[in-house]
Every structure is written in C-alpha cells, then in structure tokens.
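S.K.: my questions concern the predicted model and sequence given below.
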Amino acid sequence: MTASTQQETTSGLFAFLAPFKTRNFRLLWIGEAISLTGDQFYFIALPWLVLQLTHSALAVGTVLAVSGVPRAVFMLVGGALTDRFSPRKLMFYSNIIRMGLVTLLAILLFANQINLFWVYVFAFFFGVADAFFYPAQNAIVPQLVEDEYLEQANAIVSVTSYLTIFAAPVFAGLLIANFSTEVVAAENGVEEIPQLTGLAWAFLIDGLTFIASAMTLWRIKTMNPPEQAEEGLWSSIRGVLVQVWKDPILRIFYSLVGGVAFLVLGPIQVGIPVLSDSRFVGGAVAFGTVLSAYGGGALLGSILGGILSAPRPRWLGYVLLAVTSLLGFSLISLAFIQTALIAAVVMAIIGTCFGYITVLGITWLQRRTPQEELGRMMSLLVLASVGLFPISLALAGFFIELSTEGLFVGAGAMILIITLASVFHPAVPRMGIIKD
C-alpha cells in the first residue's frame, strides 16, 4: 500500500453545518440529541434513588461500580460485535434493551416495590447494554457522512452531548424535586411524606427517549458490514490488540489517551469539590460555577474542532501534544489558585483542550481504521478513556488527603513529562499519514 497525506477538510461555519445535508446523519443527530437528554435524567435519578433508599454515599459508589465494571469488561466484545453486525443494529438493540430496563425500574417505583437489590441488578444489566452501544456510536458516523466532513460531524455529536450535559440536569432535578414529597393531613396540621414518584417519571422519560432514538436508527440506511475472515469473537479482539501493539503510532496514541484520562479525570472529579469547599468563597455555588466553566470550555473546544481547519498531516501529532501539555500546565496552576473565578477560567481552558483533542483524535482514528475494524478500535478508545477511571478516583482521593497541591502538581507534571518524552518519538510526525 502507498502512503498519502491526510485529506484536507473544509473549514468555517458552513462546513460545520454541512453534515446536516445528509439524511442519515440528520436522523442520527435527532435520535441521539433526544436520547442524550434522557441520559441526563438517568444520571441524576440513579444516584438520587440510591441515596433515598440507603442514605449512604458508599451505596451510591457501589451501584455506580456495579454498572461501570461490566461496561468496561464487555466494551471490547461490543466493538467486535459492531464490526460483525453493523453499528446501527448494535445501537438499535442496545437502546431497546435499555428502554426496557428503565421502564421496568419506573414501574417498580410507581408501585413502590423497589429495593436496593433490584437497583444493583438493574445497574449491572444497564452497564452491559452500554458496553455494546458506545463503540457502535463512534463507529457509525463515518458510514453516514462524506470523509471531508468527518471532523464537522464528530464535532456536532460532541457539541450536542455537552449541550445536554449543560441544560438537561436542571430539568431532571426540577422534575424529581416537584414529585419528591406528598402533603398529607396530620394531627398538627400537614406533613410531607417522601415519595419516589419524581424518580419514576425521570426513568420513564429516559425510556421514552430511547424509543425515539431507536425509531430514528430504524430509518437510517447503511451498507452491510464488510465481509470478514472466519474467526471467533475472541480471536478478532485479540487480532486488533496485537495490531495496536505492533503499530508504534497506534501504541503511542492509545497510551496517551489512557495516560491523560487517568491523570486528569480523577484529580478533577475529586479535587475540584475539595478546592470549592476548603478554599473558594461560595462553597457549592463555587463548585457549580467551576464545573459549568469546564462544560462551556468543552463545548467551545468541540466547536473549534469542527470549524478550524485540521492541522497539516506532519503537524497533527505535535498539535495534539501541544494541547495536551496545556492541560498539564492548567492542572498545575489549580494547585495555587485561591479564587473560584480564576479556577473557572482555568477549567474552561481544560474543557476547551479536551473538546478540541477529542474531535481531532476520534476523526483521526476513524480515517485511519478500515471499516471492518472500526468497532473494535473505537471500543478500545472508550476503554482507554474510562477503563481506569475508578482507579484514578481512588488514587486521587488518597493523594489529596496527603496534599491538595501535591495532587494537582503531580498529575500536571506527569502529563508534561509524558508529552515531552512523546515529542521525540519517531511515530509522532507520522501520525497524520493515512495509509491507502
């Protein structure tokens, strides 16, 4: 095979909106926008349900872990099945299964028949269904749009996700709060009795959004998956893992994704609440402000990834490393910031960096990967991004007990060391080269 440089893509606002000219992409976007909104109702309702049942933060953590472990364990299987049966089919059936799960949970809540055991069962199977959805979600986009608009399509998907994260939780919280108590007559007037009806409605709304997403997926027309060699499921997974290990460009890419996610997500999730409580004026208000700034930055970064011209092939690796190094410097600065306003600015920078490199990284991997391997490659990308998240949280919690400043300085410094060492790797200038 000969090597060719990465195709230059059109930039600007009109190019950013160009994927909407494609019927299949419009259907995907409509369905995913609705479903992602419902997801925020689920993300608010599930931990709140556990708290109402147990009043235990430990129980919340274990329920989330019961959902997260099978999601990570089955992620590569989901990627392999995506390659074998097509992304659209995996997304469709995953949505149908998750719709059934959340609807059943809503029925149990309406009937007041829920207990913690059934929440654990629900969380486990929901995590399994998630594992089959996420690889397919990232693998389907190249089937729906022309290659020259792939950055823009990925940016639109990312922007939509961040918009729902920014807006939907407020409505979920209002819904749950409005139906959280029932006023009944009592000897001394009236009394408010805790109710789970609001949570039931939140899960039911999530179920309805899964139906809407499944309907749009059903109408999408995609090509049948390419013919694959006759091999077992585990053999196909092992083959891609061996391929990544032998390819120095893929090896450094996945290592950077996993390392940066590990060093950033844990310190942010654990450290920002601690800084807001112990250092910033305003407490919970400061915490919300700083996290909102991160979301706004991520939204901006995703838009920039779709509007700006892609870096030239020989500079792509260096651009990704430069933006990653900015993450490192920003983390270090959080150790010394004393006000929520400045922390919000820094978190907006971190969010912008994440949004931008996410669009560039996913698009690069989609272009580089043959269609018959894309599901497995995307499942490995998701696994690298979130697979070590629980360990990152645990270690961040341990180190922040020793030193808050040390947590941020140490994580940021390690990112800088990784990026500096990667600059001299011979694979970096060849990242933008796409094999025909």
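M.R.: Received, thanks.
S.K.: for the stretch 151-300 of the chain, what spans make up the strands?
M.R.: For the stretch 151-300 of the chain, the strands defined by DSSP state E, counting those that start in this stretch cover 181-186, 189-194.
S.K.: where's Leu105 relative to Asp130, distance?
M.R.: Per Cβ to Cβ, to the nearest Å, Leu105 is found 15 Å from Asp130. (Each C-beta comes from the backbone N, C-alpha and C, glycine too.)
S.K.: got the domain boundaries for the chain?
M.R.: Using automatic domain parsing, the domain ranges for the chain come out as 1-225, 237-436.
S.K.: roughly how far is the first one from the heart of the chain?
M.R.: By that I understand domain 1-225. Its chain's average C-alpha position is 11 Å from that of domain 1-225, according to Cα atoms, centre = their mean, to the nearest Å.
S.K.: which of Leu105 and Asp130 has more neighbours?
M.R.: The neighbour count for Leu105 versus Asp130, taken as other Cβ atoms under 10 Å, is higher for Leu105 (27 against 21).
S.K.: and the helix or strand where the more buried one lies, average pLDDT?
M.R.: Following DSSP states H and E, the helix or strand that holds Leu105 is helix 87-110. Taken as a whole, helix 87-110 carries a mean pLDDT of 94.
S.K.: look up how far His425 lies from the closest residue in space to Gly328 that isn't next to it in sequence.
M.R.: Nearest residue to Gly328 in three dimensions, chain neighbours excluded: Ile415, at 3.4 Å (Cβ to Cβ, 6 or more residues apart in numbering). Ile415 sits at a distance of 16 Å from His425 (criterion: Cβ to Cβ).
S.K.: for these two, indicate the residue with more neighbours.
M.R.: Neighbours were tallied for Ile415 and for His425 using other Cβ under 10 Å; the higher tally belongs to Ile415 (25 against 16).
S.K.: ok, that one - contacts?
M.R.: Applying Cβ atoms under 8 Å, 6 or more residues apart in numbering, we find Ile415 in contact with Gly259, Val260, Leu263, Val264, Thr324, Ser325, Leu327, Gly328, Leu331.
S.K.: let's see 7 Å
M.R.: Applying Cβ atoms under 7 Å, 6 or more residues apart in numbering, we find Ile415 in contact with Val260, Leu263, Thr324, Leu327, Gly328, Leu331.
S.K.: what lies in contact with stretch 419-430?
M.R.: Here stretch 419-430 has contacts from Pro248, Ile249, Ile252, Leu256, Arg314, Gly317, Tyr318, Leu321, Thr324, Ser325, Gly328, using Cβ under 7 Å, 6+ apart.
S.K.: most neighbours of all those residues, which one?
M.R.: Most neighbours among the contacts of stretch 419-430, by other Cβ under 10 Å: Gly317, with 25 neighbours.
S.K.: thought it was touching Met431?
M.R.: Yes: using Cβ atoms under 7 Å, Gly317 is in contact with Met431, at 3.6 Å.
S.K.: now name the helix or strand holding the nearest residue in space to Phe329 that is not next to it in sequence.
M.R.: The shortest distance from Phe329 to any residue other than its chain neighbours is 6.6 Å, reached at Gly412 (Cβ to Cβ, 6+ apart). Assigning secondary structure by DSSP H and E places Gly412 in helix 404-423.
S.K.: CA atoms only: put that helix into PDB for me.
M.R.: Provided in PDB are the C-alpha atoms of helix 404-423 (Å, rounded to 0.1, in the frame of the first residue of the first chain):
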ATOM      1  CA  THR A 404      -4.200  19.100  47.700                       C
ATOM      2  CA  GLU A 405      -1.400  21.000  46.000                       C
ATOM      3  CA  GLY A 406       0.600  17.800  45.500                       C
ATOM      4  CA  LEU A 407      -2.200  16.100  43.700                       C
ATOM      5  CA  PHE A 408      -2.600  18.800  41.000                       C
ATOM      6  CA  VAL A 409       1.200  19.500  40.700                       C
ATOM      7  CA  GLY A 410       2.000  15.800  40.500                       C
ATOM      8  CA  ALA A 411      -0.700  15.000  37.900                       C
ATOM      9  CA  GLY A 412       0.100  18.000  35.800                       C
ATOM     10  CA  ALA A 413       3.900  17.300  35.900                       C
ATOM     11  CA  MET A 414       3.400  13.700  34.800                       C
ATOM     12  CA  ILE A 415       1.400  14.900  31.800                       C
ATOM     13  CA  LEU A 416       4.200  17.300  30.900                       C
ATOM     14  CA  ILE A 417       6.800  14.500  31.200                       C
ATOM     15  CA  ILE A 418       4.700  12.200  29.000                       C
ATOM     16  CA  THR A 419       4.200  14.800  26.300                       C
ATOM     17  CA  LEU A 420       7.800  15.900  26.400                       C
ATOM     18  CA  ALA A 421       9.000  12.300  26.000                       C
ATOM     19  CA  SER A 422       6.500  11.700  23.200                       C
ATOM     20  CA  VAL A 423       7.700  14.700  21.200                       C
END
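S.K.: no more questions from me, cheers.
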